[in-house]
Every structure is written in C-alpha cells, then in structure tokens.
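Chemist: this one's sequence-less:
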RNA sequence: CGGGGCGUAGCGCAGCCAGGUAGCGCACUUGUAUGGGGUACAAGUGGUCGGAGGUUCAAAUCCUCUCGCCCCGACCA
C-alpha cells in the first residue's frame, strides 16, 4: 500500500474528544474515526488490525472445535420475550419496527438466536456436543460510552456458543475454551489475567472474565499475588475475621448532635468506624431494604443484589427513607423488624457493643449487639473487598487493580434452553434441555487494549501478530537512484508476500519518521542517499532504538525470518 | 437519568465578560529552495461562528429553546 493513496491520515494534534491513550493514538494514527457517540468507523489501517485479531481468534476457536457461522443483528423481539430478557435488558436493547410493524431488536448478544437455531436443528444426543461462533457487530445502546473503542455502543464481537448433553460435558469443555482465551490474548500481544466474575444478566453458574490490567479500565479487580486468587471486585471474597467481641454491655443512648456520618460519629465518640454499624437504604425491585454493615466496610451492590435475588437494585432517595419513618443519619436497625426488610452483612457478628443510630435525630445507641438488640431478615456476605484485605485462600494480602474486560466466558447451563424449549432426546429416549456455554471477546476493545499496553511516547508499537503491515518503507529524496531502489524493494517484497506500507509521499524525513512511529508498524525500512552510501537499506525495529544497514540482497533473505514470527 | 464542561475552517484554539460585517497555529493548494526526525520563504483555498427563535439600527458575543460531543456518577451482557 502506498501511503500517498491511503485513505485516512495521521493527526498531529490530539483530538479534544479523546482522553484515553488508546483512543488518542488510534485517532491520531488514522485507524478509527468517530461517527456518533460510541459509534466508530474503522479506516483501512485500523480495519487491517481488526482483521488480524479476528484471524487469530478464528484460529483459536477452530482449534477448540468451533464452527464459524453468522447470525443476524436484527432479531425478532419475540425471541427476547421468550427468555424474559426483552424487559430485563431495558433500554440498552435498541428496537425498531419494520414495515409490517413487527418489532425487531438489534442483538446485544446472541443466546436467543443461537438457542432458537439449536432448537430447530438439534434433536438427538448424537448431534452433541457442538460449538459455533461468529464474528459480528453488536449494538448496545449504552447509557454511557467512553474511551473510544474501550466502551463503544456499536462494536465487533467474537461470540461462541457450546451445546452439551449434560453439565459434566460442559465442565469438561469449559477449560479448553479458557485456555483458548489465554492463548488468544497472548497471541495478540496483550497481557490478560483471568478473574472469577459475576454472570449478571447472562445467568448461569460460573463465569470468568479476562482482563487487561490498565489504570484506565472500568473494572476493579482483586488479586492475590501469593496464591494467584483473582476475582472481579463485584464478586470477590475475603477471609472473614470471626473474632469474638467483648462481653455485651447494656444499651445506652448518647447525644451525638450533628453527627450524621460514620466519620463524625466515630470522632465525636472517640472510637473507630470499626466499632460502629452503618445503615444504607436500597430499593430492591420497588421495596425498601434497610441494609446494615460494620462502619468500616462498604456494601458491594452486586453481592447484595444476588443475596436478595433481585435484578433491580438502587440506592433509596432520601424522601423514600423518610416516608418509611426512618431518620436519615441516625437510622437504627433496632425495632425495624416487620416494618422494613432488614439485610445485614455478616460483619454485624464480628464484634460487639457497636454504636448505631437511635432513630432519633441527634442521638446514637451504644452497645448495640446482634442478635440481642435487633433482628435481621437476611444475613450474608455483602461487603466489598478492599485493598489490603486478607485472601480467603491463603491469608495473603489482596490487592486492588483496574482492568479492561476483554472477554467473558460463562457456563450458562440450561437457562436458555429451558426457557426456549431447546431439547434433545438422550440415549434413554428422555427429553432433556441442552446444556450451554457462551464465550465472548470484544474485538475492538481488544485492539484498544493492545494499544494501551503497546505504545511509547511517539505512538503505537504494534505486536507483529496484529500490526496492520509488517514493513513500513520510507523513501527519502527524489533522486532517481533512491526512488528506483525504493520502488523495486517495494515490489520485490510484495511479490514475496510481505505486507508493506510504502511512504512514497513528498514529505520531509521528520514527517515520515514521526508518522511511522505513530502508526507503529514493527519494521521500518528506510531508503535514502545515506543508506545507499552505507550499502543498502536501513532497517529498524519499532520497539528498538538502534538500526542497522543491510544490503538489498541481504534484506530479501532476511525477510522470511522476520515475518515468520508473526504468530 | 443527575453533576460538570465544550460546540468558531479538516485538527488544535483565540475572540464572547464590556454587541459594530471573523482571527491565529497546524493541515490543504501553488511556486521556489531544502532533503535523515514534524524544513524555510512567498502567494492562496477554506467558516450561514452546532441549530431555531428572540432582543437590538446591528448578534459569534445578550436572552430562550433545542441538537451534538466530552468527562464524572448512576448503569454495564
């Protein structure tokens, strides 16, 4: 490809809209352009990168038995009503009506469609197991997109679905996919860590997310560097400290004027937040919940939602709290039984003689003890794991880190097949639901993650495996000898199957070098009067400081070895 | 959906407070020189100032509404 003819140009300045490094560099290098919020066009260079990644994923999916196919992005709303996700998904599921007024949705994922297809095609255990996958465009009308390709509304996803006769077969297959994911990210040049995750809207028993460690990432991870425990903070657990408290003392009311936060109360009374109980109010599927947790801990809303078995959970408005007769800032779990649902974190049992609200403005109660003084309707682990907490497995120190979710794999089980009636006859002639797994990778996001991890001050440093081209050929000067050499090198390398971007523009050396650094192709070849005098072509790796001169002949002999490392 | 910010040439911005016929840098076009890290000089092209309405003799500037974009939060398959 001649740079003089390439559609899409580099930008000298950082577009004002871009905050994240990958977003800035992908825009500046002429890889992507935004068309609307969270909706991007891939320009030719970026499209080539996307293709390289797709091909790696295809290779990995094929290796674990995947069959590539393609499902539609426009899907009948009825399929989503069958599983209940039509309403569960909410506004992220964009929909429109066709000319016959039939409602269609834009697929945010494809469990419904693939299960619909399996229901039609699969009748016997003899057809199982099988794995299908596709590389396809999803549209999720996100409440907020951000970071360029990190969180887009329209994006390319590789989604795979496996179907099994029973859970044991799924359990046997799942680790193969897990390893294929590890391999996929490694081959793309991204360091990713697998963490235990919360299945969320997808449902199912187990899931793992593959996260690229990144300070700008959207998820918080909890990692143990001693035993390797790794989990999304949403579902992370920590070792409980079930230390017995002091002997229980009688309840005592104390005046604590103007102290509505845990910090205020603790410093007013000269105690630590650990000796207090705090109250937080949620509305879970329309009903107020009084949540109690030790004052030094935070509520993990994902854990709370799954403990309460609700999908809709939000913090209560002050007005809703007051209407329930609760005094905000001085709320007490005592005497709430029967009035409002009381949910407590296990930490209410990890100590004694706590300070809690008196449910009276300006007063707190000392020596509050569970269960002596208050009852709870639901007790469980709803505490957020914090940096420095002890690891559940080994007692080591857990560390919090930020990450970008690149992929997510799920053991779905029979959730979709049961709801949609996707069954088969087993050996004994029994009708049974298909057991499913699903496995997704956000490809654009993966591309952005590569850039997040592979760049320097000058631009992108593509790993060879996903680089848009292998060689970036620069010609300096317009003397016939120089141009002829560059041209013939361009043609001969191409004829050897090399992917080469040829900067044949009439630009100064500085402009060409800077663009080459920005675009980030692994090998830079320079032909100029200086290189010819030195005996040939200058070759420089994008990730190295030094360059070397090789003869034209020598270069052509060297090329196959350079490129063969691309996977 | 809540909070904050921004829309002026392809990109980055000034001008707005104190209304008076729109500017800078880069990019782009042409020419000359230059030719190994964003080269120099010269001459040019390009904007109904996001949109609509209002105030005014006069609106990029003041007022109202609206659309778009970014960031934080809520949300997140």
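Modeler: Good, I have the coordinates. Predicted model, so just to flag it, every value in this text is computed and none were measured. Numbering: from 1, shown residues only, chains lettered A, B, ... in the order given.
Chemist: contacts for the helix or strand bottoming out on mean pLDDT in chain A?
Modeler: The helix or strand with the lowest mean pLDDT-type score in chain A, counting by mean pLDDT, DSSP states H and E, is helix A:318-323 (a mean of 75). For helix A:318-323, contacts defined as CB atoms under 8 Å, 6 or more residues apart in numbering pick out A:281, A:283, A:288, A:328, A:331. (Each C-beta comes from the backbone N, C-alpha and C, glycine too.)
Chemist: again with stretch A:114-123
Modeler: Contacts to stretch A:114-123, defined as CB under 8 Å, 6+ apart, come from residues A:71, A:79, A:83, A:127-128, A:132, A:161, A:163, A:416-417, A:420-425, A:434, A:436.
Chemist: got the buried residues for the helix or strand residue A:409 falls within?
Modeler: Taking DSSP states H and E as the criterion, residue A:409 maps to strand A:398-413. By neighbour count with 16 or more other CB atoms under 10 Å, strand A:398-413 contains the buried residues A:398, A:400-413.
Chemist: From these, list the ones also adjacent to RNA strand B.
Modeler: With the criterion set as CB under 7 Å from any atom of the strand, the members of the buried residues of strand A:398-413 near RNA strand B are residue A:408.
Chemist: of the buried residues of strand A:398-413, closest to RNA strand B?
Modeler: Nearest to RNA strand B, judged by CB to the nearest atom of the strand, of the buried residues of strand A:398-413 is residue A:408 at 4.9 Å.
Chemist: ok, what's across the strand from that closest one?
Modeler: Beta-bridge partners recorded for residue A:408 (DSSP bridges): residue A:209, residue A:440.
Chemist: Just give the number of residues close to residue A:301.
Modeler: 17 (other CB atoms under 10 Å).
Chemist: Surely it touches residue A:313?
Modeler: Yes: counting by CB atoms under 8 Å, residue A:301 touches residue A:313, with 6.0 Å between them.
Chemist: what's the overlap in contacts for these two?
Modeler: Contact criterion CB under 8 Å, 6+ apart; residues shared by residue A:301 and residue A:313: residue A:282.
Chemist: can you count the residues close to the residue in the stretch 451-567 of chain A that RNA strand B sits nearest to?
Modeler: Nearest to RNA strand B, among the residues of the stretch 451-567 of chain A, is residue A:510, at 2.3 Å (CB to the nearest atom of the strand). Per other CB under 10 Å, the neighbour tally for residue A:510 reads 8.
Chemist: in what helix or strand does it lie?
Modeler: Going by DSSP H and E, residue A:510 is in helix A:509-519.
Chemist: In that helix, which of the residues would be classed as buried?
Modeler: For helix A:509-519, the buried set under the neighbour-count rule, 16+ other CB under 10 Å, comprises A:512-519.
Chemist: okay if I get the residues you listed as JSON lines plus distance to RNA strand B and pLDDT?
Modeler: Formatted as JSON lines, the buried residues of helix A:509-519 follow (distance: CB to the nearest atom of the strand, whole Å; pLDDT from 0 to 100):
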{"residue": "A:512", "distance to RNA strand B": "8", "pLDDT": "97"}
{"residue": "A:513", "distance to RNA strand B": "3", "pLDDT": "96"}
{"residue": "A:514", "distance to RNA strand B": "4", "pLDDT": "96"}
{"residue": "A:515", "distance to RNA strand B": "5", "pLDDT": "97"}
{"residue": "A:516", "distance to RNA strand B": "7", "pLDDT": "97"}
{"residue": "A:517", "distance to RNA strand B": "4", "pLDDT": "97"}
{"residue": "A:518", "distance to RNA strand B": "5", "pLDDT": "97"}
{"residue": "A:519", "distance to RNA strand B": "10", "pLDDT": "97"}
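Chemist: one step back: same for the strand holding residue A:409, what does it pack against?
Modeler: Where contact means 3 or more CB pairs under 8 Å, 6 or more residues apart in numbering; DSSP states H and E, strand A:398-413 is packed against helix A:167-187, strand A:192-196, strand A:206-213, strand A:219-224, strand A:435-442, helix A:443-453.
Chemist: mean confidence score for the next helix or strand after the last one?
Modeler: Beyond helix A:443-453 on the C-terminal side, the first helix or strand identified by DSSP H and E is strand A:455-456. The average pLDDT within strand A:455-456 is 96.
Chemist: and strand A:455-456, what other elements does it pack with?
Modeler: Packing partners of strand A:455-456 (3+ CB pairs under 8 Å, 6+ apart): helix A:21-28.
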